[in-house]
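> Next one to model:
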Amino acid sequence: MSAKGDTLRALMRASALPRLEAQMLWQHVLQVPRAWLISHDTDPLQGECIARYHALEQRRVRGEPMAYILGSREFMSHDFLVTPDVLIPRPDTEMLVEAAIHFVQERASRTGRDARVLDLGTGSGAIAISIALACPRASVVATDLSEAALSVARHNAARLGAQVQLLQGAWYDALPARSTHRSTHGSVPQSADFDLIVSNPPYIAAHDKHLRQGDVRFEPLQALTDGGDGLGDLRAIIGGAAVWLRPGGRLYLEHGWDQAQAVRDMLVLAGFADLVTIRDLAGVQRVSGGLYN
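Numbering: from 1, shown residues only. Alright, predicted model coming up:
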């Protein structure tokens with residue numbers, strides 16, 4: 001039962017959260033669109049719904065990310081399940097996906113051949129799945145060290161209808177050594193070379209104060225930092241890419257706001273040419289890559 005005055009309007013006014021966040025939580029609790037909240041804001045609410053809302057509100061007041069509270073986040077116009085086992089997909093990473101999609105589509109138009117794509121450290125699967133949905137003829141493989149993360153990616157791939165092969169292991173170690181390997185979605189062919197490698201690896205330095213601020217405090221630490229200078233995993237991916245990329249293949253990496261030059265230098269040392277750097281929505285150099293000849 002609800003007490004007198006327990007209407008959505010009254011509860012919204014009393015909420016400790018910004019109005020938009022309170023609305024999002026009420027939409028989640030009541031499973032209704034925002035328009036319904038506006039047109040029914042004087043309806044009495046059931047006590048159990050109020051209790052559920054207050055429990056979620058307290059989680060948000062303590063700083064927990066909305067994506068974990070709601071259990072989902074939109075990315076590339078798709079709704080992805082997210083849990084504390086995976087990073088929350090962010091708009092800046094869409095720059096990486098858009099560059100990958102452009103490369104795959106341009107290559108298919110130019111050569112008439114379908115691309116093989118590798119996503120290293122897939123987490124929720126947002127990058128790999130978005131590429132697979134936009135380029136259904138491409139063969140997409142995704143890896144992650146965490147079985148819990150792969151479980152989330154597996155769920156997202158099935159729910160969104162994306163064909164992605166998922167393999168467990170650290171970076172290239174997850175790939176079969178040029179032999180047929182059974183994966184969660186089938187087998188990887190003996191020739192396991194790729195036309196495109198993409199990754200959003202851990203790139204925050206271990207001493208960076210941002211690891212102790214905002215949403216990042218709740219995200220898996222191993223997906224945020226390499227425990228060192230933030231360049232360790234970027235070095236490993238760039239250093240190993242030549243073994244797995246076909247001639248003419250590309251590598252695209254998301255990196256930190258101040259790491260673009262360091263990443264470009266590593267790409268040059270590893271034999272990459274035709275370097276590019278893409279800025280994010282804030283104008284920050286966020287994605288760098290190159291062509292392997």
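> So what does the residue nearest the centre of the chain look like in phi/psi?
Among the residues of the chain, the one closest to the centroid is residue 89, at 3.8 Å (CA atoms, centre = their mean). Main-chain torsions, residue 89, degrees, to the nearest 10: phi -60, psi 140.
> Roughly how far does it sit from residue 74?
Distance, residue 89 to residue 74, by CB to CB, to the nearest Å: 8 Å. Yep, even glycine has a C-beta here, placed from its N, CA and C like the rest.
> quick one: common contacting residues for those two?
Both residue 89 and residue 74 are contacted by residue 80, under the criterion CB atoms under 8 Å, 6 or more residues apart in numbering.
> after the longest helix belonging to the chain comes which helix or strand?
Longest helix in the chain, counting residues (DSSP state H): helix 94-111. Going down the chain from helix 94-111, the next helix or strand is strand 116-120, by DSSP states H and E.
> pLDDT weak spots in the chain?
1-5, 178-192 (pLDDT under 70).
> How is it divided into domains?
For the chain, automatic domain parsing gives the domain ranges 8-62, 73-292.
> gap between the two ends of the last one?
Meaning domain 73-292. 34 Å (CA to CA, to the nearest Å).
> And stretch 209-217, by the same measure?
Termini of stretch 209-217 sit 10 Å apart (CA to CA).
> how distant is it from the center of its chain?
17 Å (CA atoms, centre = their mean, to the nearest Å).
> Report the buried residues of it.
Neighbour-count burial for stretch 209-217, counted by 16 or more other CB atoms under 10 Å, picks out 211, 216.
> Check which helix or strand residue 247 maps to.
Here residue 247 is assigned to strand 245-254, by DSSP H and E.
> And the very next helix or strand once past that strand, what does it pack against?
Toward the C-terminus, strand 245-254 is succeeded by helix 260-269 as the next helix or strand (DSSP H and E). Applying 3 or more CB pairs under 8 Å, 6 or more residues apart in numbering; DSSP states H and E, one finds that helix 260-269 contacts helix 232-244, strand 272-279, strand 285-292.
> Please identify the pairing partners of the strand holding residue 247 and their relative orientation?
strand 194-199 (parallel), strand 285-292 (antiparallel) (DSSP bridges).
> Indicate which one of those strands is closest to residue 9.
Residue 9 lies closest to strand 285-292 among the strands paired with strand 245-254, at 41.3 Å (CB to CB).
> can you list the residues that contact the closest one?
By CB under 8 Å, 6+ apart, strand 285-292 touches 92, 95-96, 99, 241-242, 245-255, 257, 260, 263-264, 267-268, 271-280.
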